[in-house]
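*Asks:* Compute the structure for the input listed below.
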Amino acid sequence: MSTSRRETHAILGAGGVGGLVGAVLASAGARVILLLRPAAIPGYPDHLTLESPLGNVSGPVKSAGKLEDEVDVLWVTTKATSLAEGLEEIPDPSLAGLVVPLLNGVDHIALLRSRFGADRVIPGTIACEVERVAPGRIVQRSPFARLAFAAAGEVGLSWASGALSRFGCECRFDPDERTLLWKKLVMLAPMALTTTASGLPLGEVRDRPELAAQLEAAAREACAVARAEGAQVDAGETVQMLRNMPAALRSSMQKDVAAGRAPELDAIAGPILRGGRAHGIAVPTTAELSAIVAGYGPAGH
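*Replies:* Numbers count the residues shown, from 1 in each chain. All right, here's what the predicted structure looks like:
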């Protein structure tokens with residue numbers, strides 16, 4: 001792909017993650033199209049603004065109800081619970097060059113590849129705390145934003161990864177996409193489940209011995225399933241990283257429950273629960289925490 005022309009990027013899911021990516025790319029010179037529900041388009045700002053510890057940026061964007069133009073990259077950043085509905089905004093899958101999902105979990109990759117083709121879907125992950133606080137206004141809470149992509153996208157995503165890196169995001173390409181996806185999930189699931197079940201930020205979870213024990217047990221269960229699935233993850237390293245994450249961190253699952261939205265329980269805990277059954281691995285802590293979260297409201301199944 002030539003880097004001498006202006007690239008076009010579409011964002012499906014203009015929440016916190018999609019807004020961060022869109023704002024950075026638009027401010028760097030890309031044409032950015034936000035795919036929104038038709039009811040949300042009137043009055044939607046023509047700029048995305050990002051407030052971040054890495055810097056504040058703003059860039060022009062176009063809003064559309066459906067993808068009607070060819071784009072270099074389609075970023076899929078919906079919640080897992082609304083992915084199927086969101087894909088209705090892409091009536092012609094051939095318009096998307098590369099498709100880069102930054103969703104939680106692992107199961108969405110098969111769905112996207114069945115629609116767009118295996119070679120065009122580049123699995124990705126993002127680790128940061130970021131939210132949309134108003135239409136067009138994104139606030140990043142964490143002091144970092146770490147993105148990882150499957151190595152197959154290194155050429156096609158060279159411009160985008162360069163723009164994100166220059167902004168201050170950490171970007172890397174991983175030759176093992178299974179490990180790429182599970183490495184995030186084994187961190188996310190224990191953190192999301194314990195913070196949501198307790199209603200506390202991560203630091204307070206770690207400070208309470210019973211909750212800290214649940215956090216570490218859930219991490220070890222997730223890593224056992226991940227290894228059985230063929231991912232290269234280390235339980236000790238995962239636990240240590242959870243111990244070192246910012247104390248004020250609150251998970252998106254926790255925020256969804258607090259706001260009365262359906263949490264991404266099936267996408268985040270489901271692969272561990274199903275994998276445990278498939279491989280004969282006991283995951284009692286994950287199951288207990290999942291049941292607590294499911295009791296708070298719709299589970300999004």
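*Asks:* Strands of the stretch 151-300 of the chain, start to end?
*Replies:* Listed in chain order, the strands of the stretch 151-300 of the chain (DSSP state E, counting those that start in this stretch) span 170-174.
*Asks:* Low-confidence ranges, it, go.
*Replies:* Residue ranges of the stretch 151-300 of the chain with pLDDT under 70: 297-300.
*Asks:* again, only this time at 50
*Replies:* 299-300 (pLDDT under 50).
*Asks:* which residues touch Gly117?
*Replies:* For Gly117, the contacting residues are Pro93, by CB atoms under 8 Å, 6 or more residues apart in numbering. Heads up, the C-betas are built off the backbone N, CA and C, glycines and all.
*Asks:* same deal with the one 5 residues further on?
*Replies:* For Ile122, the contacting residues are Leu98, Val99, Val100, Phe149, Ala150, Ala152, Gly153, Gly156, Leu157, by CB under 8 Å, 6+ apart.
*Asks:* following the host helix or strand of the first one, which helix or strand comes up?
*Replies:* With elements taken from DSSP states H and E, the one containing Leu98 is strand 96-101. Per DSSP H and E, strand 96-101 leads on to helix 108-116 as the next helix or strand towards the C-terminus.
*Asks:* Hey, what's the angle from that following helix to strand 96-101? Just curious.
*Replies:* 160 degrees (axes from the mean of the first three to the mean of the last three CA atoms, to 10 degrees).
*Asks:* need the next SSE after helix 108-116, C-terminal direction.
*Replies:* Toward the C-terminus, helix 108-116 is succeeded by strand 124-127 as the next helix or strand (DSSP H and E).
*Asks:* Can you name every helix or strand that the helix or strand following that next one contacts?
*Replies:* Helices and strands here follow DSSP H and E; after strand 124-127, the next one along the chain is strand 130-134. For strand 130-134, the elements it packs on are helix 16-27, strand 137-140, judged by 3 or more CB pairs under 8 Å, 6 or more residues apart in numbering; DSSP states H and E.
*Asks:* circling back: which one of the contacts of Ile122 is nearest to Thr125?
*Replies:* Nearest to Thr125 among those is Phe149, at 8.1 Å by CB to CB.
*Asks:* What's the mean pLDDT across the helix or strand hosting the closest one?
*Replies:* Assigned by DSSP H and E, Phe149 belongs to strand 146-150. For strand 146-150, mean pLDDT is 97.
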